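> What follows is a protein structure lacking sequence information:
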């Protein structure tokens, strides 16, 4: 099966080069070979092949080839062990039983599959007809009562991924080759850190696929059976993979028909508890299409968060993912007031439950249920510490990393970027985040997750100016006696991740001096960095920071030179912003003019006015000027007309002269080229003649030598006789 897969993949790699047949006609065309292979593989035993472990992979590669697509993974996979050649002298160790890794509270086998995208290489409509025949064969096979249901095929470990791939290929759920890049961009890296998956639903599906989904898979004619099938698919391992692929892909109308069948909000507690349906609920929350659907979802899940927070916030379980999608949904649809009220109550209840369990363990008594009246909402500092679960490294000299709860850090990122919430809430949240010590904030800035989720959210939200000033005050030394070595700005500037945070801090600081203290915060930052120029110049990240901060101008020309360089930098940034804004405004105006019918009427009226103006004024005799301004106006208009005519004649003459010069130059160049060619021909002839004469001379000398040698030999023979 691996050999067949490599052959089919090789056909796809040379898709755009060797599509036509050979010139001599000895080999058939590539399309005919692929069609013959599809007829052999997609035979009557199709369903058995889809359920087979090895044959299903061959069918997937064949489907990709017929659709002219290639499967590309969105993110990097698990690190593979490198195998190096040569025999090792060391003895083989006994294999230990591999322990199952736990990711987010679940075993590694239960985690959702890696997300992949389909890249369009080149689709041929003739080759897609076997794929439609396969879909029709599956639908006709399962229409009979004795054959069962399509869910049996979807929930199979081999045929389920094959059927989902078939639906994706036929619905053209792919990206063109121009949009796919091999190197990940900065935006993709941020999405990976935040665990966000931006999706773009298809505007429409082919009618045969919609009928297959509604009649064969979900069977919407029977509502009870449709609800049972969606509930079964959402709770089954491979059926959940099918649902996770289907929901982001389908258009809005079909999504609105399938969403109520799952009863995700009525049975939300069951979905949260289930280790597999949990992921389907997360995809539903991240792919909602309207604000009404989002409001309905948040009302049910907020009550669950208030009453049973242990389902969503207990460590080592998958409820954290659902809570993350809730906050992300609230930020997207601007409905985050309920989450802001529910989170402190939930964390307060969690702390009381922990205290009660500790008391019960000490007393060895029965667990008591805490009533809702005794629960007090936790402060936002307690909420931030509960969400992050921050632990510093063992020692500052050690190379250990800090520990952060990934989903808690992502939740905090979305809360800091909720622009629709009140200013009072934003102030309390920022103050709670900045309650950490300076060393802890430095460790977060040097960490990948902490820098993207926490510090970037602080420096890019609506209150970034005030938060940047408070951060700078924390990063600066308390007094001059402590020395410049203890200042963390230089250490951040030379760090691989920390220098990005430092540059964002510099951009977030107010450019002008504060009116109350009359101090420029950017200048204070540059002054502090100027004491460690040797450290910055010895590192690539430090040199980048010194260039953007204009540290060289400050060290050479002082404060005045730095201010001039800063003005130039601001002017360049403003110019770029103006260019972007003008382009956007032009696009908006063009769209408005194209769509509005009033613009067309205005154009027609302008044309009519121009025609009337031409009729009134005679261009050759300037009659309008004579009637309006008399003889003097007529003479001035006549002079202008003559000047224009003379200018046009001069332009025409200059163009003709340029053409003649170019023609002359072309003729001269051609003549010189011909002369050069003739000279080369003469040289070649002379060389040929000289070579021929030399060859003749060589032949004659050889003949003389042969004759002389033969004569001497005959003379010797006669003497011997």
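Arrived safely. Being a predicted model, the structure only gives us computed values, none of them experimental. Numbers count the residues shown, from 1 in each chain.

> Would you mind measuring from residue 490 to residue 534?
Using Cβ to Cβ, to the nearest Å, residue 490 is found at 10 Å from residue 534. For every residue, glycine as well, the C-beta is placed using N, CA and C.

> With residue 273 instead?
Going from residue 273 to residue 534 by Cβ to Cβ gives 59 Å.

> Just want to know which of these two has more residues nearby.
residue 273 (14 against 9; other Cβ atoms under 10 Å).

> Next one: that one from residue 281, what distance?
For residue 273 relative to residue 281 (Cβ to Cβ), the value is 11 Å.

> Can you report how many residues neighbour residue 125?
7.

> can you check residue 311 too?
Residue 311 has 18 neighbours, counted by other Cβ under 10 Å.

> Equivalent analysis for the one 3 residues further on, please.
Here the neighbour count serves as a burial measure; for residue 314 (other Cβ under 10 Å) it reads 14.

> May I have the phi/psi pair for it?
Here is the backbone geometry of residue 314 (degrees, to the nearest 10): phi -80, psi 130.

> On the three-state scheme, the residue nearest the centre of the chain is what?
Centroid check for the chain by Cα atoms, centre = their mean gives residue 188 as the closest residue, at 4.0 Å. Residue 188 carries the three-state label helix when classified by DSSP: H, G, I helix; E, B strand; the rest coil.

> Same question for the one 10 residues further on.
Secondary structure for residue 198, judged by three-state DSSP, is coil.

> from now on call the first residue 373
Noted, 373 is the first residue going forward, which turns the last one into residue 570.

> distance of the closest residue to it other than its chain neighbours from residue 524?
For residue 570, ignoring the flanking residues on the chain, the nearest one in space by Cβ to Cβ, 6 or more residues apart in numbering is residue 563 at 6.8 Å. Going from residue 563 to residue 524 by Cβ to Cβ gives 36 Å.

> now swap in residue 865 and tell me
Distance, residue 865 to residue 524, by Cβ to Cβ: 61 Å.

> before we move on, the earlier item: the residue nearest to residue 570 belongs to a strand, doesn't it?
No - judged by three-state DSSP, residue 563 forms no part of a strand; its state is helix.

> Is there a neighbour count for it? I'd like the number.
Look at residue 563: counted by other Cβ under 10 Å, it has 16 neighbours.

> cool, residue 1074 as well?
For residue 1074, using other Cβ under 10 Å, the count is 10.

> Can you name every helix or strand that the host helix or strand of residue 804 contacts?
Element membership for residue 804, per DSSP states H and E: helix 795-805. Helix 795-805 sits against helix 752-760, helix 778-788, with contacts defined as 3 or more Cβ pairs under 8 Å, 6 or more residues apart in numbering; DSSP states H and E.

> tell me how far the longest one is from the chain's mean position?
Okay, so that is helix 778-788. Helix 778-788 sits 20 Å away from the centroid of its parent chain (Cα atoms, centre = their mean, to the nearest Å).

> Can you name every helix or strand that that helix contacts?
The contact analysis (3+ Cβ pairs under 8 Å, 6+ apart) places helix 778-788 against helix 691-705, helix 752-760, helix 795-805, helix 820-822, helix 828-831.

> Buried residues in the shortest one, which are they?
Buried residues in helix 820-822, counting neighbours by 16 or more other Cβ atoms under 10 Å, are found at 821, 822.

> Give me the contacts around it.
565, 774, 776, 778, 781, 815, 816, 869 (Cβ atoms under 8 Å, 6 or more residues apart in numbering).

> Just give me the closest of these to residue 667.
Nearest to residue 667, judged by Cβ to Cβ, of those is residue 781 at 26.7 Å.

> What residues does the closest one make contact with?
Residue 781 touches 759, 760, 821, 822, 825, 826, counting by Cβ under 8 Å, 6+ apart.

> Could you provide these in JSON lines, with additional columns for distance to residue 573?
Output for the contacts of residue 781, formatted as JSON lines (distance: Cβ to Cβ, whole Å):
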{"residue": "759", "distance to residue 573": "31"}
{"residue": "760", "distance to residue 573": "34"}
{"residue": "821", "distance to residue 573": "30"}
{"residue": "822", "distance to residue 573": "33"}
{"residue": "825", "distance to residue 573": "27"}
{"residue": "826", "distance to residue 573": "32"}
